[in-house]
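1. Sharing a model prediction with you, sequence too.
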Amino acid sequence: MLLSAAEIQGAAVTNLEEESIGEIDEVLIEPDSGQIRFAVVSVGRFLAMGSTRVAVPWTALKIERQEGEIRILLNATKERLEKAPRVEGKSYERLYPADISQPIYVYWDVDWLAPGGQ
């Protein structure tokens, strides 16, 4: 399956309990490898607070196509999202260094993938 960026950005994200937890706000791509590193997920409404954006490793998301619609799943409870690594502003470059990005992968229980796929 191939997806366009337009199909992903703004797509709804649900958890394993079929609750709507937010939407994809941004997709962060590593220019050197072309690999998608993170999705920035807007989860404010689900948490009953102002707009909150969290960093989620791309590999933590499960993407399906059902009846022509994109479905994005994330193993996340309300409590897990409340404690998730936040993304402030649009300064995404700070998510690149290993000392910042590796703990995000650990938090979401996915294998760490160093920049450049090494």
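-> Arrived safely, thanks for sending.

2. quick one, helices of the protein?
-> 5-8, 78-82, 98-107 (DSSP state H).

3. Turn those helices into a markdown table, columns for mean neighbour count, mean pLDDT and distance to Glu64.
-> The way it works is simple: take the backbone N, C-alpha and C, and place the C-beta from them, glycine included. Output for those, formatted as a markdown table (neighbours: other CB atoms under 10 Å; pLDDT from 0 to 100; distance: least, CB to CB, whole Å):
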| stretch | mean neighbour count | mean pLDDT | distance to Glu64 |
| --- | --- | --- | --- |
| helix 5-8 | 13 | 85 | 12 |
| helix 78-82 | 14 | 84 | 21 |
| helix 98-107 | 15 | 90 | 22 |
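
4. closest one to Ile21 among those?
-> Ile21 lies closest, by CB to CB, to one member of the helices of the chain: helix 78-82, at 6.5 Å.

5. coming back round to it: I'd like the helices of the chain as JSON lines, with distance to Glu19 appended.
-> What follows is those, written out as JSON lines (distance: least, CB to CB, whole Å):
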{"stretch": "helix 5-8", "distance to Glu19": "20"}
{"stretch": "helix 78-82", "distance to Glu19": "8"}
{"stretch": "helix 98-107", "distance to Glu19": "20"}
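
6. Of the ones you listed, which is nearest Val54?
-> Nearest to Val54, of all the helices of the chain, is helix 78-82, at 6.4 Å by CB to CB.
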